[in-house]
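Engineer: have a look; sequence and predicted model below, questions after that.
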Amino acid sequence: MPWIYLLVAGVLEIVWAYAMKQSHGFSRLIPSIITISAMMASFWLLAVAMRTIPLGTAYTIWTGIGAVGAFLVGIACLAEPVNAARLIAVTLIVSGLVLMKLSSA
């Protein structure tokens, strides 16, 4: 169950990052509310997951899910550029996440 909490926390990190972009510096109410709500839920779920998952593993996985997810949302929803260097970078992040998960069995 802690890994599910961590996965959901990571997804919520993607949600709050996207909503923060849409809030235009917290000048738009609804995206600002979504940002703060998703942040709070994400932090809470991360804390719950950290009851059993080691700090280094939990935090790395959480930030990695957020980083890769925000990268993909940026491409899919915000027309951010895709190039070889960015794809290599995200591949390295995903590789690190897999290794981190495998090393904390």
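Structural biologist: Arrived safely.
Engineer: for the rest of this, base every contact and every neighbour count on C-alpha atoms.
Structural biologist: Will do.
Engineer: tell me where this structure has helices.
Structural biologist: 2-22, 29-49, 55-78, 84-103 (DSSP state H).
Engineer: quick check on the residue sitting furthest away from the middle of the chain: phi, psi?
Structural biologist: The C-alpha centroid of the chain is most remote from Ser27, which lies 22.9 Å away (C-alpha atoms, centre = their mean). Dihedral pair for Ser27: phi -100, psi -10, per degrees, to the nearest 10.
Engineer: just checking, Phe43 touches Val8?
Structural biologist: No. Counting by C-alpha atoms under 8 Å, Phe43 stays clear of Val8, with 10.5 Å between them.
Engineer: could I get the CA-only coordinates of the worst-scoring helix or strand of the chain on mean pLDDT as PDB?
Structural biologist: Across the helices and strands of the chain, mean pLDDT, DSSP states H and E gives its lowest value to helix 84-103, namely a mean of 91. C-alpha atoms of helix 84-103 as PDB (Å, rounded to 0.1, in the frame of the first residue of the first chain):
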ATOM      1  CA  ALA A  84      17.200  14.400 -28.400                       C
ATOM      2  CA  ALA A  85      18.800  16.000 -25.300                       C
ATOM      3  CA  ARG A  86      15.500  16.300 -23.400                       C
ATOM      4  CA  LEU A  87      14.600  12.700 -24.300                       C
ATOM      5  CA  ILE A  88      17.900  11.400 -23.200                       C
ATOM      6  CA  ALA A  89      17.500  13.400 -19.900                       C
ATOM      7  CA  VAL A  90      14.100  11.900 -19.200                       C
ATOM      8  CA  THR A  91      15.300   8.400 -20.100                       C
ATOM      9  CA  LEU A  92      18.100   8.800 -17.500                       C
ATOM     10  CA  ILE A  93      15.600  10.000 -14.900                       C
ATOM     11  CA  VAL A  94      13.400   7.000 -15.500                       C
ATOM     12  CA  SER A  95      16.400   4.600 -15.400                       C
ATOM     13  CA  GLY A  96      17.300   6.100 -12.100                       C
ATOM     14  CA  LEU A  97      13.800   5.600 -10.700                       C
ATOM     15  CA  VAL A  98      13.800   2.000 -11.800                       C
ATOM     16  CA  LEU A  99      17.200   1.400 -10.200                       C
ATOM     17  CA  MET A 100      16.100   3.100  -7.000                       C
ATOM     18  CA  LYS A 101      12.900   0.900  -6.800                       C
ATOM     19  CA  LEU A 102      14.900  -2.300  -7.500                       C
ATOM     20  CA  SER A 103      17.500  -1.400  -4.900                       C
END
